[in-house]
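Student: After the sequence you'll find the predicted model.
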Amino acid sequence: MNKLKKHLYLLQLEEYNTKRFKKWLKNHDINKLKENKNKLKYTPNIILIILSSLPLMPFLKISKSIILANNLIQIISSPIKQIIIFLAKIKLSFFPNTIRIIITGSYGKTTFKEKLSHILTTKYSILKTPKNINTDLGIAILILSKLKKHHHFLIIEAGAYDRGDIKKICQLIKPDFAIVTVIGWMHLERFKTIKNIRTTKLEVIPFIKNRKQLFFPKKNHQFIDTNQVIKKIAQQFNIPLSTINTQIKQFTTPPHRLNINKNNSNLITIDDTYNSNPLGFKKALTKLKFFSKHQKIIVTPGMVELGSKQYQLNKKMAKLAGQTTNIFVIIGQTNKKALLAGAKKTTVKIILVNNNENWGQKISPLLKPPTIVLLENELPDHYF
């Protein structure tokens, strides 16, 4: 993997954010970055950056060439983005009877979206944002390319990295229903305070005229009652309660979100690797407690993007984990000090593993079946 490719991969991992790209390069050695968990995707954006940066490289460093190219492309693409969003708004104006539902929150958005869709599809045709598409541009492209007259519902997952992001999505889709799953510690490096996170997530409120169609947690760090909210929405559209309850029981959580896998009679894994946050981590630890007769092992690199609270929150979670489990496996260097500080306050056995090491081989001699292993979070390649 040559240096140009490494820089491009880093930029893609940082979602083309120049500020975060520069900060990473200031604190890390680009030569240590490898394509392990993922690969560089040659998207139109990356190809444009390559074509724009190559002529600059005889005169500038690779990093500066890429930064200039990225900034230039963002300036040029901004009007195109606005045109796409404007066209999506026009198209939506021809769909006045399509019910628009927006789902946001610090976490739990995708699971809520999939569960609600699972129930509504028993009676209605639905268009929902696929996978993790949750920006105004991604949503606009979805509307332009996929929305048809037969769709009764448009269900949108809305993400945010800055104040105003949720407002922009609401201005695009003009939602009839709004759900905020939870307001908690997430992307603190960007938002700085929980107050800013709450303000951003609650940007949905002015867009919902009927308060019976607005659901949000009154307190921070508190999930809404997902099943109750879904029942209230579904019943408004004449779906029988018996059908709702059956669908809820049959619902399968999206991959890597506390999925229990019974490998065999002696080994169970809980896959919670999609991401990690304090509330989600606690929820995973609560699940472990149900397996009272099992040896318990946690494998984690800790939680990230928590700003000034990252050390303290990881330390706190490690202490809780140490009180719940028999073996605590710390992956990588990113949160190693914080996790060690917390786990050492308990009697748990601690195993340290580098990113490129096989943690399974390290814990194999220590297994005392039946065993349950919690895989809590998995970090992208630019975390070591």
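Tutor: Cool, got the structure.
Student: can you confirm L154 is in a strand?
Tutor: Yes. Secondary structure of L154 (DSSP: H, G, I helix; E, B strand; the rest coil): part of a strand.
Student: Can you report how many residues lie near it?
Tutor: 24 (other Cβ atoms under 10 Å). Bear in mind the C-beta positions are built from the backbone N, C-alpha and C, glycine included.
Student: residues contacting it?
Tutor: F95, T98, I99, R100, I101, I126, L127, K128, I143, L147, I173 (Cβ atoms under 8 Å, 6 or more residues apart in numbering).
Student: Run through the bridge partners of it.
Tutor: Assessed by DSSP bridges, L154 has beta-bridge partners R100, L127.
Student: Now for the closest residue to I173 other than its chain neighbours, how many residues are close by?
Tutor: Leaving aside its sequence neighbours, I173 sits nearest to R100 (Cβ to Cβ, 6 or more residues apart in numbering; 4.9 Å). By other Cβ under 10 Å, the residues close to R100 number 19.
Student: Kindly indicate which of the contacts of L154 lies nearest T243.
Tutor: For the contacts of L154, the residue nearest T243 by Cβ to Cβ is I126; the value is 15.2 Å.
Student: my guess is that closest one meets I155, correct?
Tutor: Yes. Look at I126 against I155 with Cβ atoms under 8 Å: they come within range, at 6.1 Å.
Student: intersection of neighbour lists for these two?
Tutor: S117, L120.
Student: Am I right that Q295 is in contact with I363?
Tutor: No. Using Cβ under 8 Å, Q295 makes no contact with I363, being 10.1 Å away.
Student: what residues do those two have in common as contacts?
Tutor: I327.
Student: can you give me the strands for the stretch 51-200 of the chain?
Tutor: 99-104, 126-128, 153-157, 177-180 (DSSP state E, counting those that start in this stretch).
Student: Output the longest one as CSV, nothing but the C-alphas.
Tutor: What follows is the C-alpha trace of strand 99-104 in CSV, where atoms were taken according to Å, rounded to 0.1, in the frame of the first residue of the first chain:
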residue,chain,number,x,y,z
ILE,A,99,-46.3,9.5,5.3
ARG,A,100,-42.8,10.8,6.2
ILE,A,101,-41.2,9.5,9.3
ILE,A,102,-37.8,10.7,10.6
ILE,A,103,-35.8,8.7,13.1
THR,A,104,-32.8,10.2,14.9
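Student: Point out the other elements, helices or strands, that that strand touches.
Tutor: helix 109-120, strand 153-157, helix 165-173, strand 177-180 (3 or more Cβ pairs under 8 Å, 6 or more residues apart in numbering; DSSP states H and E).
Student: now the angle from that strand to strand 153-157?
Tutor: In terms of direction (axes from the mean of the first three to the mean of the last three Cα atoms, to 10 degrees), strand 99-104 departs from strand 153-157 by 10 degrees.
Student: Show me the helices in the stretch 101-250 of the chain, by range?
Tutor: 109-120, 136-146, 165-173, 188-191, 194-201, 226-236, 241-250 (DSSP state H, counting those that start in this stretch).
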